[in-house]
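>>> A predicted structure for the sequence below; I have some questions about it.
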There are 4 protein chains.
Amino acid sequence: MEFDHSPRAAEYIQRVREFIHERILPAEQEYYAHLAEPGRTWTQPPVMEALKAEAKREGLWNLFLPEEEYGPGLSTLEYAPLAEEMGWSFIAPEVFNCNAPDTGNMEVLARYGSHEQQETWLKPLLAGEIRSAFAMTERDVASSDATNMQATIELDGEEAVVNGRKWWTSNAGHPRCEFFIFMGVTDSGADRHQRHSMVIVPRNTPGVNVKRMLPVFGQLDEPYGHGEVHFENVRVPKSNIIAGPGRGFEIAQGRLGPGRIHHCMRAIGAAERALKLLCERSLSRVAFGKPLAKLGGNADIIANARMDIEMARLLTLQAAYKIDKYGVFAAMSEISQIKVVAPSLCQRIVDQAIQMHGGAGVSDDFPLTALFGYARVLRLADGPDEVHRALIAKYELKKYQQ
Amino acid sequence: MEFDHSPRAAEYIQRVREFIHERILPAEQEYYAHLAEPGRTWTQPPVMEALKAEAKREGLWNLFLPEEEYGPGLSTLEYAPLAEEMGWSFIAPEVFNCNAPDTGNMEVLARYGSHEQQETWLKPLLAGEIRSAFAMTERDVASSDATNMQATIELDGEEAVVNGRKWWTSNAGHPRCEFFIFMGVTDSGADRHQRHSMVIVPRNTPGVNVKRMLPVFGQLDEPYGHGEVHFENVRVPKSNIIAGPGRGFEIAQGRLGPGRIHHCMRAIGAAERALKLLCERSLSRVAFGKPLAKLGGNADIIANARMDIEMARLLTLQAAYKIDKYGVFAAMSEISQIKVVAPSLCQRIVDQAIQMHGGAGVSDDFPLTALFGYARVLRLADGPDEVHRALIAKYELKKYQQ
Amino acid sequence: MEFDHSPRAAEYIQRVREFIHERILPAEQEYYAHLAEPGRTWTQPPVMEALKAEAKREGLWNLFLPEEEYGPGLSTLEYAPLAEEMGWSFIAPEVFNCNAPDTGNMEVLARYGSHEQQETWLKPLLAGEIRSAFAMTERDVASSDATNMQATIELDGEEAVVNGRKWWTSNAGHPRCEFFIFMGVTDSGADRHQRHSMVIVPRNTPGVNVKRMLPVFGQLDEPYGHGEVHFENVRVPKSNIIAGPGRGFEIAQGRLGPGRIHHCMRAIGAAERALKLLCERSLSRVAFGKPLAKLGGNADIIANARMDIEMARLLTLQAAYKIDKYGVFAAMSEISQIKVVAPSLCQRIVDQAIQMHGGAGVSDDFPLTALFGYARVLRLADGPDEVHRALIAKYELKKYQQ
Amino acid sequence: MEFDHSPRAAEYIQRVREFIHERILPAEQEYYAHLAEPGRTWTQPPVMEALKAEAKREGLWNLFLPEEEYGPGLSTLEYAPLAEEMGWSFIAPEVFNCNAPDTGNMEVLARYGSHEQQETWLKPLLAGEIRSAFAMTERDVASSDATNMQATIELDGEEAVVNGRKWWTSNAGHPRCEFFIFMGVTDSGADRHQRHSMVIVPRNTPGVNVKRMLPVFGQLDEPYGHGEVHFENVRVPKSNIIAGPGRGFEIAQGRLGPGRIHHCMRAIGAAERALKLLCERSLSRVAFGKPLAKLGGNADIIANARMDIEMARLLTLQAAYKIDKYGVFAAMSEISQIKVVAPSLCQRIVDQAIQMHGGAGVSDDFPLTALFGYARVLRLADGPDEVHRALIAKYELKKYQQ
């Protein structure tokens, strides 16, 4: 056992941290100011492209991919602390070309895509020239149960006919979003795990209709956006199906492991940021003759936050380690565990930071309500807490069943 | 002891409930659609005036005032369940001319106002012709400690010179908001409880500057709004001081008792609405072959919500009873207790309702994020939870101190 | 609505409180010293008989029975606060002849017993001359589900043959315990609610075997005791069946309502006692230059305890009111609600009182571990929390189902 | 970073685990049966000596000491998982000569003891021939604040005169307990950290008076026992002072780091044992047609327990790693963090296991009440949760203070 990062990981942490604190955080104001101008909600602020170029130049690019052909080839465990650093800024992930769901899409195309799919879609994604989306969750059913999925992908000669009403399709608002990976049922009579397929649907294909952008606690997360996207008799070449029909479930499962590590580490970074704001406020505001930090249970809140963050981080790093060493399927319980723990603690600490800020906390003078919405959504995205708890219990009880 | 409402109270509950469900809730769409039109953010939707006229005609008007000369003269205990009913719709309180902070301002003017003040400001408020605001909380200090207040009211001959940077001044955005009751220090050398005064500041007085409307989790609560309002050398007649200099603290204390009952009962109504949405969703969505209500700990969440609501309601009604029978000062601990309990339970149940709705819960397809922001603010408004807990403990420990 | 006790109730509260504080609490030491002598574990301390005589003389006797022929005829709502007072001392209930399960047995015999049963068993119970037990819970099955019951009562001519392995049969150790009310299946083929019967089994009947006394966190609660009692082919006259075969479930349900009010009010009294100890300790112990009450989150603990107690008491009194006014079956959800709330809060506050006492809290220098065991058991007795929550949710969801 | 144990640690884990499950657990019944015989409460059951001999023979002896001269020389991190294994049985630590407070006393003597002290006291302790106790906590003051300490060690020529009323002196009841390490004030005028000293007091010295054994939730933990021990003018040679006067605080601090690792890891082992019992019961008991594991929120309880244990273990192992690599003083916050987390989670899971067992859970048919008392005490021993939280917050806030 060894609880320090490897020298290589430590060096990347240092470089990413400095890049974020010295270049990204100071650029946030310019970024948001650009978006706030009339008519620019769904455009790419130029400063983002400048930051991306800089990050690429410095080799801080595609850090999430373990395959060495695409970047530095960091392991899941080595990348995890970098994701935490990126959790300090909503715009940092894109700067490093590590933004979800592009990351998951790149993983899928790198591992399951045909040569043609890789040339057409993976290459420009890796270069940061285009963006992509992942259309899985559906509006009309509880998507926590994959067997509820209503979307269909019908084979018709050399074409696949795509139908479905998807929502929470992140990136759907981005001006450079060029395609969706769409998940649907190809064979409803097949075994539960061979029923689904994933297919690439270029954004401009007839029948693709982005109905609206969904707000999260009133925020649209522009220019990325979370779309409600309807697909009506959308026809694409059959060759757009990834890895062939029936492999959707398998691909989804492999995709989710590292993706959840990334989500959770970013949530931990966001929690650290909220705790920093909380502590600073608790020291600078005075009531009844003392800084708030000295009043009532406020010190307990700070102590509990520190403990919860430390534990969630260790749990997540351990899960990353297990994915690297034993594979995603050996780490299923661990991956569900972090998915329950990290978003919840982030929500809790942000809520406490809001309380410490008084009225300022619920306004937009601080990033706290944005962090709150971010954490709140994460308790639902990639499976709600409830589904993960059920799975963890199932694994636990298995030890005692014959 | 008697846990049923009096026949008179029961009748009013029935009438208000029917009015809300049959007329207000169905009118909400028209109301919000009006506001959503370009340029109409800070206007009064005509349907509100129609509803007000109807409510007035039916005698459902100024229900909050115990004085019979202004309305039906309901006690705090009799009005409390009506406030709960109004908690089901954000626009209901105004319909019945029971909207905070107008209610508190009316109470203050009815009890402490001069004849002239009553003629000029109370009468049109009672008639629902104008709106008003209450400028107490300050941006630059922890307002939970009244001794932190920086705003000043200086006497200069026959005039009072008002200075201060206030925020969270609700109603400041309303097109009919005609005046502020402003709280400031008149004599910083006086005893802690005689230091402050309240003064009426007409909105159009030179030096009054509404700097901006503060968002609550991104919502502006238009057309009411929560203003950051700066007062710079604002001059008003000395006769605008309510009840004379040095009585601000006394007036504030009397005002807060019933006001907190109203807040808490509305929060309980909001919690009931959230629980209804939660239950309905839990029955209509199916996963893993069962309605969500049958899965995992969801039934426990529902049971806990029911218990928490019942208890909070009883605690609040008991506090109302004590205010009526023994006076606000005999019910100080009880008033703080409900202020801790009711907003927190509302936030918790709304959060759980969001979880039960999945992605829909954080969008604006349901009123849940709006309810969340409402509940969240209430844990800060009128004193944060922390200050109330400290006060409750102080009262408890007093029993054991010599 | 009226939150003050009636003058009659208030007078009884005053008398019972004085009796407890002036006579029972000072006699506890003598009582326990008697039991601590070798060989006296399962004997009745003489001071108990003296106290009983005194209480009877003063008319503080059989206070729990609403029927006027047996005592003052207090309603459930009037008796409830007296049960709270009795919660301050483990021996108080017996002093007033209000000790469970005798109370429930008296209710059953008063309402369902034949004339002969009443003459033989009810009269001496009412006089406090004998004690009784209630044999329902079984060791080998989850007794939270009544359909699991394995005990049988077979009719054989004029006799009933009783078989079963019962445990947690309270009072089974008492030297004056003269009979059991035994619950078993008479007709396993009948409808779920007509399957069970209750039968009176005199203690000395052949085949009755008190196997052992069960400890609760190491305490035997002598001289009452909680017995594991085996019944093997125990023969009693058929006339010992209460109200005839098949009515066991009905009787049990009616019995449980008021009994749960009593349990919960005693738990609230016990919680008040723990909170008093907690507050006193927090004021008398000093660390880091301050009384513990001023350190960290201790004031919050005190405030939360006060709020939780107030709310639980109101909820319980409201349930009592509903039982009196609308009957047990109209108050089923409310009765389950208090059963979840009151024991849990008692356990929580006792645990916090232990923490405030440091090492002394877990020793027997204070009654805290005894109170803990008492509260802990109550979360299981008369149905575990889980079963009650499920029932509350069921009632809640019914509002939304067609 | 590396989350697997080293091969050497893994081998020891395997050997200790097997020894516990194959030899100690099966011997528990004999052990407790011996103690249960009249007059044997404070004797050493022969089976313990047999087990000790066996463990020694197999090299599973003095595992806790990092110094190679005394045993295998395992690091804190390597020993930690062995302590977890020992948490499965209350008697396991002594079998491996790893029982507190002997472990801490051995550490102190090994590092600070004079040659003579080591010959006289350390050697027989290392050999398991004698036992020892640590007299620090005092009855009359809040011992969480070291400056409250009232005990004194006065120098009088070549003697030290020891006075003080200590309690919670564990091992004081053990028949082989031969000496106390006593902590007291030698120079009340000195700096806060140079005021105290530790002195060896042989048990039979005149003036040492073991007043009574303190129960923990009614359990005496025989034959170890927790004594209230009064020292009245006890005279020992001045050379019994460890490392010279004024170094008590320094020694105590160094002692506490690894000791808390051991405590917390044992608590985690105890929690694992409770979770195993909980799971097994949840699968074997049936209500409403299903095993309890399938009912309501029970699966959530199991999932939460698994997550909490994983996180607490990682946090503790990380703290152990930091102690080894950076020293106790670099790990002060981490050590306090585990001390808050591990005992609390153990208490919580044991409480939930009790609930899952119904009435059986509070009886002594399962080890759950004993585990509860053990966990409950641990939230007080070595500093109550509150003191540790305050320290964690202090370290956290330091980051933001100039």
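Looks like it arrived, so ask away. Just so you know, these numbers come straight off a predicted model, no measurement behind them.
>>> in terms of contact, does residue A:98 touch residue A:60 like I think?
No: in terms of CB atoms under 8 Å, residue A:98 does not count as a neighbour of residue A:60; the distance is 9.1 Å. The way it works is simple: take the backbone N, C-alpha and C, and place the C-beta from them, glycine included.
>>> out of the two, which sits in the more crowded spot?
It is residue A:98, of residue A:98 and residue A:60, that has more neighbours when counted by other CB atoms under 10 Å in any protein chain shown, with 26 against 21.
>>> Share the number of residues neighbouring the nearest residue to the more buried one once chain neighbours are set aside, please.
Closest residue to residue A:98 apart from its sequence neighbours, by CB to CB, 6 or more residues apart in numbering or on different chains: residue A:64 at 4.9 Å. Neighbour count for residue A:64, taken as other CB under 10 Å: 28.
>>> any idea how far residue A:64 lies from residue A:243?
Distance, residue A:64 to residue A:243, using CB to CB, to the nearest Å: 21 Å.
>>> element containing residue A:164, please.
Using DSSP states H and E, residue A:164 falls within strand A:159-170.
>>> chain center to that strand: distance?
20 Å (CA atoms, centre = their mean, to the nearest Å).
>>> Kindly report the same for stretch A:164-181.
14 Å.
>>> send the alpha carbons of that stretch over as PDB?
Extracted as PDB, the C-alpha positions of stretch A:164-181 are listed here (Å, rounded to 0.1, in the frame of the first residue of the first chain):
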ATOM      1  CA  GLY A 164     -36.900   7.900 -29.900                       C
ATOM      2  CA  ARG A 165     -37.400  10.900 -27.600                       C
ATOM      3  CA  LYS A 166     -34.200  11.500 -25.600                       C
ATOM      4  CA  TRP A 167     -33.400  14.100 -23.100                       C
ATOM      5  CA  TRP A 168     -30.600  15.300 -20.900                       C
ATOM      6  CA  THR A 169     -28.500  14.900 -24.000                       C
ATOM      7  CA  SER A 170     -25.500  17.100 -22.900                       C
ATOM      8  CA  ASN A 171     -23.600  19.100 -25.400                       C
ATOM      9  CA  ALA A 172     -26.600  19.200 -27.700                       C
ATOM     10  CA  GLY A 173     -26.500  23.000 -27.600                       C
ATOM     11  CA  HIS A 174     -22.900  23.300 -28.400                       C
ATOM     12  CA  PRO A 175     -22.300  25.000 -31.800                       C
ATOM     13  CA  ARG A 176     -19.700  22.500 -32.600                       C
ATOM     14  CA  CYS A 177     -21.700  19.400 -31.600                       C
ATOM     15  CA  GLU A 178     -21.500  17.300 -34.800                       C
ATOM     16  CA  PHE A 179     -23.000  14.000 -33.900                       C
ATOM     17  CA  PHE A 180     -24.900  11.900 -31.300                       C
ATOM     18  CA  ILE A 181     -24.100   8.400 -30.200                       C
END
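>>> Number of residues surrounding residue A:24?
Using other CB under 10 Å, residue A:24 has 26 neighbouring residues.
>>> so it touches residue A:90, yeah?
No: judged on CB under 8 Å, residue A:24 makes no contact with residue A:90 at a distance of 9.9 Å.
>>> Give me the domain ranges for chain A.
A:7-113, A:132-242, A:249-398 (automatic domain parsing).
>>> okay, those domains, which one's buried deepest?
Among the domains of chain A, ranked by average contacts under mean count of other CB atoms under 10 Å in any protein chain shown, first place goes to domain A:249-398 (a mean of 22).
>>> do that domain and chain B meet at all?
Yes: contact of domain A:249-398 with chain B is found when judged by CB under 8 Å from any CB of the partner chain, involving A:285-288, A:292, A:295-298, A:351, A:354-355, A:358-364, A:369, A:372-373, A:376-377, A:379-381, A:384-387, A:389-390.
>>> What about these, which are in strands?
Mapping the residues of domain A:249-398 next to chain B onto strands (DSSP state E) picks out A:286-287.
>>> From the residues of domain A:249-398 next to chain B, pick out the ones that also neighbour chain C.
Restricting the residues of domain A:249-398 next to chain B to those touching chain C (CB under 8 Å from any CB) yields A:296-297.
>>> residues contacting whatever residue of chain A ends up closest to chain B?
Nearest to chain B, among the residues of chain A, is residue A:218, at 3.2 Å (CB to the nearest CB). Under the criterion of CB atoms under 8 Å, 6 or more residues apart in numbering or on different chains, the neighbours of residue A:218 are A:373, B:215, B:217-219, B:364, B:369.
>>> can you check residue A:294 too?
Contacts of residue A:294 by CB under 8 Å, 6+ apart: none found.
>>> Residue A:84 and residue A:269 touch, don't they?
Yes: Residue A:84 lies in contact with residue A:269 (CB under 8 Å); the separation is 4.1 Å.
>>> Apart from its neighbours in sequence, what residue is nearest the closest residue to chain C within chain A?
Per CB to the nearest CB, residue A:297 is where chain A lies closest to chain C, at 3.2 Å. Excluding the flanking residues, the one nearest residue A:297 by CB to CB, 6+ apart is residue C:297, at 3.2 Å.
>>> Surely that neighbour touches residue D:386?
Yes: using CB under 8 Å, residue C:297 makes contact with residue D:386 at a distance of 7.5 Å.
>>> Chain A: helices as residue ranges?
For chain A, applying DSSP state H gives helices covering A:7-19, A:25-36, A:46-57, A:76-86, A:92-95, A:102-112, A:115-117, A:123-126, A:248-284, A:298-326, A:332-357, A:359-362, A:368-378, A:385-398.
>>> Pull up the residues of the stretch 51-200 of chain A that are close to chain D.
Proximity of the stretch 51-200 of chain A to chain D, by CB under 8 Å from any CB, involves residues residue A:77.
>>> how about residue A:262, what does it touch?
Per CB under 8 Å, 6+ apart, neighbours of residue A:262: A:64, A:79-80, A:83, A:98, A:100, A:103.
>>> meant to ask about residue A:89, not that
Contacts here follow CB under 8 Å, 6+ apart; on that basis residue A:89 touches A:20, A:24-25, A:28.
>>> where does it land on pLDDT?
You'll see residue A:89 listed with a pLDDT of 98.
>>> The strand holding residue A:164 packs against which elements?
In terms of contacts (3 or more CB pairs under 8 Å, 6 or more residues apart in numbering or on different chains; DSSP states H and E), strand A:159-170 is packed against strand A:131-135, strand A:152-156, strand A:177-185, strand A:196-202, strand A:226-237.
>>> run the last query once more with 6 Å
Identification of packing neighbours for strand A:159-170 by 3 or more CB pairs under 6 Å, 6 or more residues apart in numbering or on different chains; DSSP states H and E yields strand A:131-135, strand A:152-156, strand A:226-237.
>>> one step back: can you narrow the contacts of residue A:89 to ones near chain D?
Restricting the contacts of residue A:89 to those touching chain D (CB under 6 Å from any CB of the partner chain) yields no residues.
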